[in-house]
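J.: below: sequence and its predicted model.
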Amino acid sequence: MPTQNNDTAAPADPFEENIVSVEARRDAEALIVDVDGFEGPLDLLLMLSRTQKVDLRRISILALAEQYLGFVERAKVLRIELAADYLVMAAWLAFLKSRLLLPPDPADEGPSGEELAAHLAFQLERLHAMREAAAKLMARDQKGREFFVRGLPENVSRVRRVTYTATLLDLMQAYARIRTRDDFRPYVMDRDRIMTMEQALERLRSLIGFAGEWTELSSYLPEDWSTDPAMRRSATAATFAATLELAKAGSIELRQHDTFAPITIRKKSDG
Amino acid sequence: MEESLFEAPAPEEQERMVEAILFASAEPVTVAEMNARMPHGADGAAAVERLRERYRGRGVRVVRVGDAWAMRTAPDLGFLMQKETVETRKLSRAAIETLAIIAYHQPVTRAEIEEIRGVSVSRGTVDQLLELEWIRFGRRRMTPGRPVTFVVTQGFLDHFGLEHARDLPGLKELRAAGLLDNRPLPGAGEEDAHNEENQGEMFEGE
Amino acid sequence: MEESLFEAPAPEEQERMVEAILFASAEPVTVAEMNARMPHGADGAAAVERLRERYRGRGVRVVRVGDAWAMRTAPDLGFLMQKETVETRKLSRAAIETLAIIAYHQPVTRAEIEEIRGVSVSRGTVDQLLELEWIRFGRRRMTPGRPVTFVVTQGFLDHFGLEHARDLPGLKELRAAGLLDNRPLPGAGEEDAHNEENQGEMFEGE
């Protein structure tokens, strides 16, 4: 006889009292160790439901919720990390448990605890049914195992026609290959309104010979590059980088009086 | 009997023809294809039924696969065929369950498979089933996002020796028990608009 | 019938067994091999002779090949077998890519295909797809030059097991289903595609 299929008979301490027999307790401990073997919380719930030893349609969802919460609690004690979806399920079951235990609040909208419990029971029954169906399917006579196709290719006709074939996977992979080609392209800059540091360096080298006095950096930008904001940004950055390069080489001096003040440069006299 | 230049071959001759056609092909052959290959006026459907009777109880059987026919060795003689057995890639539990869910719930979306199994369908599972040609894409579901659906193929029926998807073991019982319904979580909105379409389309065709 | 560990199966049963063995074998089977595969005490030589008698005049015959036996379709029905001797080859990459673009983007012009593939589409590729009856001409585009468009055919849908081209999964779905590797496919680079085009639209054999 089932011992735990009465929703109203909730034990005082579910984590202690829930598991009645030594056998069931041992089972539960085995579950803890084998947590990686489960395919998610629903799978675990289905396994736990077996300890109730009743028809899935008559299962006590309240008892099951307590078993599950007890499981999560013990996992915590044993410092076993549970994946997030197990914890989400635990939170949901805790909510469901409170719904099942507390008298319904008439102001409360949404489904009742019983409706939610019935749905969970349905999900468990359906998963169980699909597993059984899968097992029956695999137990059928299978081609290449119990029955066989013609083994000898026919070679009776002299007519040979070549047909070309492709599978759906080929087609989809080809499409994916084309559409994702850009993802795999090595990184290249293909914006065209870009001034490179090399260009700026070249320009500065030819101009700097005339700059005996302190001159603002911005005056070195090519005229046609200062109108478009994108081009101005690029030219400014490149020219600034180029001045650093020239300063490092010792051919110019570089100064700025204040933060955000204009940067000025001049040719180093003995450079 | 009418006399005509294009008179169809005698029934026994048609039976021989269907026998040769089915025998030569490793893949199931549709009645339409038989008729297309046989002389004008031949009735492949009738001939293949007679042929099935003739092979009843033999070492080779004539079996129906969807709307096609094939010759297969009798399953009770599988023990003689060890040499012929091709070691098939072992399917994971996830793949087997996914296959069963597609077969019993078709047409079914990926989200529905995940809802039933309670976990996401792992990378490669669907890939593997497509590659085996046991599942294919069905019609898109007419719900928001128009998700693709999956259905089982003739190759699936052939592999598992099924005449129709409706011959799946336990299908009727599962349906009667409401376990093939798409029941949404209470209060989770009306996502079951496609339920009707689901039932109508189920196990039609192929 | 008495069941004994050492008793040979009944003659009719032995005949069934030989029938199944010959049907499923990829090679002609010697009597010695039959005996080795059948239960102890079976007489393959006698069984295969009875089987040959049974198939006399049928669409399938039991024939001797050297010192082995095989089942073959009757020679007078060879005209039915043309379909069984087609040689299938894989489509070239250029062709499959072009086909994929047409399937996903139909109706699509040649210029659009070239833009998506990033290389020019040779005449041979389009001709081949037209010849396979996987694509056909769609309506002319109402743009300057009124270019022809291409669409996929019913034959295409049949071959790829689709009900409609719009049932093809999109890129996001391909990725979600794990069908799309996130690492570069071998030779996914652009130079490679050009190379291929330069080598002419050669069809790679299997």
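T.: That came through, no problem.

J.: what about residue A:214, neighbour count?
T.: When counting by other C-beta atoms under 10 Å in any protein chain shown, one arrives at 12 neighbours for residue A:214. C-betas here are computed from N, CA, C, even on glycine.

J.: wait, it sits on residue A:262?
T.: No: in this structure residue A:214 lies outside contact range of residue A:262 using C-beta atoms under 8 Å: 9.9 Å.

J.: what about residue 92, how many residues close to it?
T.: With no chain named, the answer covers chain A. Residue A:92: 15 neighbours (other C-beta under 10 Å).

J.: ah, I was thinking of chain B
T.: Neighbour count of residue B:92, defined by other C-beta under 10 Å: 13.

J.: which of the residues in stretch A:97-106 are buried?
T.: Neighbour counts over stretch A:97-106 (16 or more other C-beta atoms under 10 Å in any protein chain shown) mark A:97, A:99, A:100 as buried.

J.: do any residues in that stretch lie close to chain B?
T.: No: looking at stretch A:97-106 against chain B by C-beta under 8 Å from any C-beta of the partner chain, there are no contacts, and the closest approach is 11.4 Å.

J.: export that stretch to CSV, keeping only CA atoms.
T.: Output in CSV follows, covering the C-alpha atoms of stretch A:97-106 (Å, rounded to 0.1, in the frame of the first residue of the first chain):
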residue,chain,number,x,y,z
LYS,A,97,3.5,23.4,-2.2
SER,A,98,2.4,26.6,-0.6
ARG,A,99,-0.5,26.8,-3.0
LEU,A,100,-1.5,23.2,-2.1
LEU,A,101,-1.2,23.7,1.6
LEU,A,102,-2.7,27.1,2.1
PRO,A,103,-6.4,27.7,1.8
PRO,A,104,-7.1,29.5,-1.6
ASP,A,105,-7.1,33.3,-1.5
PRO,A,106,-10.3,34.4,-3.2
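
J.: beta partners for residue B:61?
T.: Beta-bridge pairing for residue B:61 (DSSP bridges): residue B:72.

J.: thought residue A:61 was touching residue A:122?
T.: No: between residue A:61 and residue A:122 there is no contact under C-beta under 8 Å: 10.6 Å.

J.: quick check: residues of the stretch 101-250 of chain A near chain B?
T.: Within the stretch 101-250 of chain A, the positions near chain B by C-beta under 8 Å from any C-beta are A:110-111, A:115-116, A:118-119, A:122-123, A:125-127, A:129-134, A:136-138, A:140-151, A:154, A:156, A:167-169.

J.: and residue B:161, how many neighbours?
T.: Neighbours of residue B:161 (other C-beta under 10 Å): 18.

J.: name the nearest residue to it, sequence neighbours excluded.
T.: Using C-beta to C-beta, 6 or more residues apart in numbering or on different chains and skipping the chain neighbours, the partner closest in space to residue B:161 is residue A:141 (5.0 Å).

J.: same check on residue B:80?
T.: In space, and not counting its chain neighbours, residue B:80 is closest to residue C:37: 5.2 Å by C-beta to C-beta, 6+ apart.

J.: burial count for the residue lying closest to residue A:166 once chain neighbours are set aside?
T.: Ranked by C-beta to C-beta, 6+ apart and with sequence neighbours excluded, the top spatial neighbour of residue A:166 is residue C:91, at 4.4 Å. For residue C:91, the neighbour count with other C-beta under 10 Å is 24.

J.: next, give phi and psi for residue A:264.
T.: Dihedral angles phi and psi of residue A:264 (degrees, to the nearest 10) take the values phi -120, psi 150.

J.: who touches it in this structure?
T.: Counting by C-beta atoms under 8 Å, 6 or more residues apart in numbering or on different chains, residue A:264 touches A:214, A:215, A:216, A:217, A:254, A:255, A:256.

J.: 6 Å - rerun?
T.: Contact partners of residue A:264, counting by C-beta atoms under 6 Å, 6 or more residues apart in numbering or on different chains, are A:214, A:216, A:255.
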